[in-house]
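> Predicted model, plus sequence, below.
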Amino acid sequence: MPELPEVEVVRRGLERWVAGRTVDDVEVLHPRAVRRHLAGGVDFAARLRGLRFGTAMRRGKYLWVPLDEAVPSDDAGSSLLGHLGMSGQLLVRPAGTPDEKHLRIRVRFDDALGTELRFVDQRTFGGLSLHDNTPDGLPDVIAHIARDPLDPAFDDVAFHTALRLRRTTVKRALLDQSLISGVGNIYADEALWRSRLHYERPTATLTRPGTAELLGHIRDVMREALDQGGTSFDSLYVNVNGESGYFDRSLDAYGREDEPCHRCGTPMRRRPWMNRSSYFCPRCQRPPRTG
DNA sequence: TATCCGACCTGTTGGC
DNA sequence: TGCCAACAGGTCGGAT
């Protein structure tokens, strides 16, 4: 499941293997893969032809590649924006390699490197689209996405203040991409377990040291996953394994229902939560008092 | 305005 | 064996 560390591995792959290359041709094989490009697949392909890829950027789980126009203009330019959703992969493959079963978009380049960029996505929650940039160089449709905790400009104090003002619970807040980006269900559960916080803890009750500790654990778990995701990278494979990350072996909470807590040995529990699951230790992560 | 929650999508798994 | 329901979960937009 691509979360921030996996997306960062993909970004590094794009930076290395497609930056500076010019698009020759684009095939859109599934309309849902370009649904966020409101003008449709034909327009998407036509607009991309002839543009040169810049250096891939990332915020949270969004990736984008700034596009160099043939005729430079005064505005902030445009970008190819991508989101991997739950099962998306961006692959750099030798042209002629048999198509993947769930190949959705193919981008050919006008050089002699012999490779093409493929967007493969089983569940089609992800997609690619073209957007104008804000003056900050961000695709306009993701201007509302908060910085992620690995961004040097992430403001810990402002995050704590925002949490205190919210009338919600801590896991909901962690998954709210306008507060903090890049955290998904897996790393939220991991960071909460490390922080000994129950997922339904009201954000208004978090202390400043408590928020600092939580942020520290989020960063630790992401960096550890990034270190392991990075090891799988090779020249033609620009993604991680979407089905079972290498970080699986290191998980303390996610997916460990009925298994002993790595801290106290109490069987871990799973609770349905927001159409998904929350995993926690009933002893280390006490539910908040109600009433 | 802030918050909540269902829909979207498809392959896998488990129960009957 | 075959069928069906449940499950996985990031994001959006409608509902409250």
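That came through, no problem.
> what bridges to the residue lying closest to A:G82 once chain neighbours are set aside?
Leaving aside its chain neighbours, A:G82 sits nearest to A:L63 (4.5 Å; criterion: Cβ to Cβ, 6 or more residues apart in numbering). From N, CA and C alone the C-beta is placed, and that goes for glycine too. Bridge pairing for A:L63 (DSSP bridges) gives the partners A:R58, A:G82.
> And A:L63, how far from A:H198?
A:L63 is 33 Å from A:H198, where distance means Cβ to Cβ, to the nearest Å.
> Could you check which of the two is surrounded by more residues?
Between A:L63 and A:H198, A:L63 has the larger neighbour count (other Cβ atoms under 10 Å), namely 26 against 19.
> so that one sits right up against A:L81, yeah?
Yes: between A:L63 and A:L81 there is a contact under Cβ atoms under 8 Å: 7.4 Å.
> Measure how buried A:R49 is and give me the count.
Neighbourhood size, A:R49 [other Cβ under 10 Å]: 14.
> For it, give me its contacts.
A:23-26 (Cβ atoms under 8 Å, 6 or more residues apart in numbering).
> Tell me the one of the residues you listed nearest A:L91?
The shortest gap between A:L91 and any of the contacts of A:R49 belongs to A:V26, at 15.2 Å (Cβ to Cβ).
> Could you check how far A:D121 is from A:A45?
17 Å.
> Hmm, I typed the wrong one, I wanted A:R16.
Taking Cβ to Cβ, one finds A:R16 at 25 Å from A:A45.
> Looking at those two, which has the bigger crowd around it?
The residue with more neighbours, out of A:R16 and A:A45, is A:A45; 19 against 14, by other Cβ under 10 Å.
> next one: phi and psi at the more buried one?
Per-residue torsions, A:A45: phi -70, psi -40 (degrees, to the nearest 10).
> secondary structure element for the residue nearest to it when sequence neighbours are not counted?
Counting by Cβ to Cβ, 6+ apart, A:V26 is the residue found nearest to A:A45 once chain neighbours are left out, at 3.8 Å. Secondary-structure assignment from DSSP states H and E places A:V26 in strand A:23-28.
> cool, and A:P272?
Assigned by DSSP H and E, A:P272 falls within strand A:269-273.
> In PDB, list the C-alpha atoms belonging to that strand.
Taking C-alpha atoms only, strand A:269-273 is exported to PDB below (Å, rounded to 0.1, in the frame of the first residue of the first chain):
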ATOM      1  CA  ARG A 269      -7.300  -5.800  19.000                       C
ATOM      2  CA  ARG A 270      -8.900  -4.700  15.800                       C
ATOM      3  CA  ARG A 271     -11.900  -2.400  15.700                       C
ATOM      4  CA  PRO A 272     -14.000  -1.400  12.700                       C
ATOM      5  CA  TRP A 273     -13.400   2.300  12.200                       C
END
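> Could I get the average pLDDT for it?
For strand A:269-273, mean pLDDT is 90.
> just stretch A:2-12 next, same as before
86.
> go on, stretch A:213-224?
For stretch A:213-224, the mean pLDDT works out to 95.
> Name the residues of that stretch that come out as buried.
A:213-215, A:217-218, A:221-222 (16 or more other Cβ atoms under 10 Å).
> now swap in stretch A:126-137 and tell me
For stretch A:126-137, a neighbour-count test (16+ other Cβ under 10 Å) marks A:126-131, A:133 as buried.
> Mark which of these are part of strands, please.
Taking DSSP state E as the definition of strands, the buried residues of stretch A:126-137 contribute A:127-131.
> and those near DNA strand B, which?
Among these, no residue is within reach of DNA strand B (Cβ under 7 Å from any atom of the strand).
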